[in-house]
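*Asks:* Sequence below, structure please.
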Amino acid sequence: LLIFLGLIICPYIIKQKRIYRERREQFNDIDVYLHQMAYSFMRTPKISTAFDDLYMICRGNLKKCVEKAIDELRYSYNDEVYKEAFGIIEREYPCERIKVLHRFMASIESNGGRYKNHLGVLIRDFDRWVEGVYHYQNELAKVKKDMTISIIIGLMVGAMSSIMSLLTNETQPGVFNISNDLLYQITSFIFIILNLMLYMYITSHFNVHWFKNDDEKVMKDYNMVYGNTCRKLILKMLPVWIVLSVVSFIMVFVNNKAAGVLILIEMFLILTPYIEKYSAKKRVTDYVYSGFSEWLRQLSRGLGVKTLSGAVIDTYDNCPVIMKKQLHDFIEEIELNESDVRPYYEFMSGFEIFDISATVRELFAFSEMTESEADKAVNSLIDRNYNMLDRHERQYYKDRISVFRFMEYIPAMMAALKIGVDIMLTLTTCMTI
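*Replies:* Numbering: from 1, shown residues only. So this is what the prediction gives:
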């Protein structure tokens, strides 16, 4: 049975390792693309020139995509040539920062205007993001190596009782032999399976998608926290709670231990919706931080040519999905009265994130500034927001690494339980002689 499971697990592990390698290569390509395109455009604000410079230094899949984009620019004559060329890159590398850079470059190429200060802010954001992800990747690789070593050592320690039993059986046949005991075989099988499952978990769970958000998952978490998903889950589980409560009450008079187990199960089921809501709340906070930074980037691009309200309205179509509802309500209110400060105090307040609420309130002052003052102020605001996002992401990475570091002790715990059961069986065998 173990050999059969091994034949099933090995292809899965090989597949996950391949996915891990491909995603790291994709992120490396994104790093090269963002920085080379940004610096080339900083020197010469021409998209075709930036692509030509990038083509000279890139390789592999990125080089093929860039070649297709260059061909699109040279030989296509439709009105959306930039969109088509950039779309080739975005389909292969669905990174929000790439999309923001593309929209910025297309806007400057089409409309002109000042670009160096804002592009400098984008480059600093790219630097911080890439540095943080590379650090997180290295930490994950260390944790994965340490956990693999822990699993191997745990398996070796768990096998010690078996080895000692076999060695003792050679000198005193049948006296200390526990290998034929059914409980020993069951616990050994479970022990090996749990270690294999743990290794499968670290192999697959560490395959982080470094640059892509799943909008469907984002909205699922949003509805769990701010919608009625949690209430629906409670209503679905209500019949189960009632049945378990009745059965537990009956079992109190029949078997106290069974009643205690049922009560514990019921308590866990009662807490499950609230635990899921709490976890979703933490993820939503992460989505809001990254989404708000992306929205600010879009907003700053429009402030140079439009009023504040006009620039805000233009961001709605491409805004992050986590902000859609909040932004829709905000636009409706400022369309009624652009000079009213109240919408700026209410926008994003539902997420209860003080840093972002404070940043939003500063936006109202931009409507009274000249174009050059607004450009300088918004770049400063975006730069500060990027620092805030960077601190939040680093803390998120640190928390995740701490959880994974704790998981390194799981193989030792399982080995200790396995040895405990083996010692109990050995003592039982000795007492029955």
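
*Asks:* From the chain's centre, how far out is whichever strand or helix holds residue 275? Work that out for me.
*Replies:* Following DSSP states H and E, one finds residue 275 within helix 256-303. Relative to its chain's centre, helix 256-303 lies at 13 Å (C-alpha atoms, centre = their mean, to the nearest Å).

*Asks:* Likewise for stretch 79-95?
*Replies:* Distance of stretch 79-95 from the chain centroid (C-alpha atoms, centre = their mean) equals 24 Å.

*Asks:* Check stretch 64-78 too.
*Replies:* Using C-alpha atoms, centre = their mean, the offset of stretch 64-78 from its chain centre is 33 Å.

*Asks:* just stretch 330-337 next, same as before
*Replies:* 33 Å.

*Asks:* Now do the buried residues in it.
*Replies:* 330-331, 333-334 (16 or more other C-beta atoms under 10 Å). Just so you know, the C-beta spots here come from the backbone N, C-alpha and C atoms, and that holds for glycine as well.

*Asks:* Now do it: everything it contacts.
*Replies:* 309, 312-313, 316, 340, 342-343, 346-347 (C-beta atoms under 8 Å, 6 or more residues apart in numbering).

*Asks:* Mind putting the residues you listed into TSV with pLDDT, secondary structure and neighbour count?
*Replies:* Formatted as TSV, the contacts of stretch 330-337 follow (pLDDT from 0 to 100; DSSP: H, G, I helix; E, B strand; the rest coil; neighbours: other C-beta atoms under 10 Å):
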residue	pLDDT	secondary structure	neighbour count
309	78	helix	15
312	83	helix	25
313	85	helix	17
316	85	coil	15
340	76	coil	12
342	82	helix	11
343	83	helix	21
346	82	helix	15
347	83	coil	23
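
*Asks:* CA atoms only: put the one helix or strand residue 85 maps to into PDB for me.
*Replies:* Per DSSP H and E, residue 85 falls inside helix 81-92. C-alpha atoms of helix 81-92 as PDB (Å, rounded to 0.1, in the frame of the first residue of the first chain):
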ATOM      1  CA  VAL A  81      -1.500  49.300 -31.400                       C
ATOM      2  CA  TYR A  82      -0.100  50.000 -27.900                       C
ATOM      3  CA  LYS A  83      -2.900  48.100 -26.200                       C
ATOM      4  CA  GLU A  84      -2.400  45.100 -28.500                       C
ATOM      5  CA  ALA A  85       1.400  45.100 -28.000                       C
ATOM      6  CA  PHE A  86       1.200  45.500 -24.200                       C
ATOM      7  CA  GLY A  87      -1.600  42.800 -24.100                       C
ATOM      8  CA  ILE A  88       0.900  40.200 -25.400                       C
ATOM      9  CA  ILE A  89       3.100  40.800 -22.300                       C
ATOM     10  CA  GLU A  90       0.200  41.100 -19.900                       C
ATOM     11  CA  ARG A  91      -1.400  37.800 -20.900                       C
ATOM     12  CA  GLU A  92       1.900  36.000 -20.300                       C
END
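
*Asks:* Could you double-check that residue 199 sits in contact with residue 150?
*Replies:* No - Residue 199 lies out of contact with residue 150 (C-beta atoms under 8 Å); the separation is 10.2 Å.

*Asks:* Between all of the buried residues of stretch 330-337, which two are separated the most?
*Replies:* 331 and 333 (7.4 Å; C-beta to C-beta).

*Asks:* Now the element after the one helix or strand residue 30 maps to, going C-ward?
*Replies:* For residue 30, the host element (DSSP H and E) is helix 2-43. Counting by DSSP H and E, the next helix or strand C-terminal to helix 2-43 is helix 47-57.

*Asks:* Counting by contacts, list what that next one packs against.
*Replies:* helix 2-43, helix 60-75, helix 81-92, helix 96-111 (3 or more C-beta pairs under 8 Å, 6 or more residues apart in numbering; DSSP states H and E).

*Asks:* Include mean neighbour count when you put those helices into CSV, please.
*Replies:* Converted to CSV, those look like this (neighbours: other C-beta atoms under 10 Å):
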stretch, mean neighbour count
helix 2-43, 15
helix 60-75, 16
helix 81-92, 18
helix 96-111, 18
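
*Asks:* picking up where we left off before, other SSEs contacting the helix holding residue 30?
*Replies:* helix 47-57, helix 60-75, helix 96-111, helix 116-171, helix 182-205.

*Asks:* so the fourth one versus helix 256-303, what angle?
*Replies:* Relative orientation of helix 116-171 with respect to helix 256-303: 160 degrees, computed using axes from the mean of the first three to the mean of the last three C-alpha atoms, to 10 degrees.

*Asks:* same check, this time on the second one
*Replies:* Per the same axes, to 10 degrees, the angle that helix 60-75 makes with helix 256-303 is 30 degrees.

*Asks:* count of residues packed around the residue nearest to residue 265 when sequence neighbours are not counted?
*Replies:* Once flanking residues are discounted, residue 265 sits nearest to residue 244: 6.6 Å by C-beta to C-beta, 6 or more residues apart in numbering. Neighbours of residue 244 under the rule other C-beta atoms under 10 Å: 18.

*Asks:* Thanks a lot, catch you later.
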